[in-house]
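[1] Just need the structure, nothing else, for what follows:
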Amino acid sequence: MADGTTYEIDIPVDGSQAVAAASTLDSLAQALDRARAASTAAASAVAAGQAASMPAPRRRP
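    Have a look, this model is predicted:
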């Protein structure tokens, strides 16, 4: 995964089934990385929107 975390999974298959399973797991890991990046971007956008909508501080006369 993008954060450097690795997982070891034993898959009791061989040949073309093993290749297909590994490809599926790699696709899943990539999808999880994209989802995490999208979630982080969305959280940043929400925080920026909240900061932009805050009223300016009032000045004392």
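[2] what's the distance between residue 28 and residue 51?
    Between residue 28 and residue 51 the computed distance is 35 Å (C-beta to C-beta, to the nearest Å). For glycine as for every other residue, the C-beta is placed from the backbone atoms N, C-alpha and C.
[3] residue nearest the centroid of the protein?
    Against the mean C-alpha coordinate of the chain, by C-alpha atoms, centre = their mean, the closest residue is residue 36 at 1.1 Å.
[4] mind checking how far that one is from residue 29?
    Residue 36 is 11 Å from residue 29, where distance means C-beta to C-beta.
[5] Now the residue nearest to the centre of the chain: which helix or strand?
    Under DSSP states H and E, the secondary-structure element containing residue 36 is helix 16-52.
[6] and that helix, what does it pack onto?
    When contacts are defined as 3 or more C-beta pairs under 8 Å, 6 or more residues apart in numbering; DSSP states H and E, helix 16-52 packs onto no helix or strand at all.
[7] and it, what's its mean pLDDT?
    In this model, helix 16-52 has an average pLDDT of 88.
[8] now it, how far from the centre of its chain.
    Counting by C-alpha atoms, centre = their mean, to the nearest Å, helix 16-52 is centred 3 Å from the centre of its parent chain.
[9] Over to stretch 9-22?
    On the basis of C-alpha atoms, centre = their mean, stretch 9-22 sits 25 Å off its chain's mean C-alpha point.
[10] Can you dump the C-alpha atoms of that stretch in PDB for me?
    Extracted in PDB, the C-alpha atoms of stretch 9-22 (Å, rounded to 0.1, in the frame of the first residue of the first chain):
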ATOM      1  CA  ILE A   9      -1.600 -13.500   2.400                       C
ATOM      2  CA  ASP A  10      -1.300 -17.300   1.700                       C
ATOM      3  CA  ILE A  11      -3.400 -18.300  -1.300                       C
ATOM      4  CA  PRO A  12      -3.700 -22.000  -1.600                       C
ATOM      5  CA  VAL A  13      -3.900 -22.000  -5.400                       C
ATOM      6  CA  ASP A  14      -1.300 -22.300  -8.200                       C
ATOM      7  CA  GLY A  15      -0.900 -21.700 -11.900                       C
ATOM      8  CA  SER A  16      -3.300 -19.300 -13.600                       C
ATOM      9  CA  GLN A  17      -5.600 -19.200 -10.500                       C
ATOM     10  CA  ALA A  18      -2.700 -17.800  -8.400                       C
ATOM     11  CA  VAL A  19      -1.900 -15.200 -11.100                       C
ATOM     12  CA  ALA A  20      -5.600 -14.100 -11.200                       C
ATOM     13  CA  ALA A  21      -5.800 -14.000  -7.400                       C
ATOM     14  CA  ALA A  22      -2.600 -11.900  -7.100                       C
END
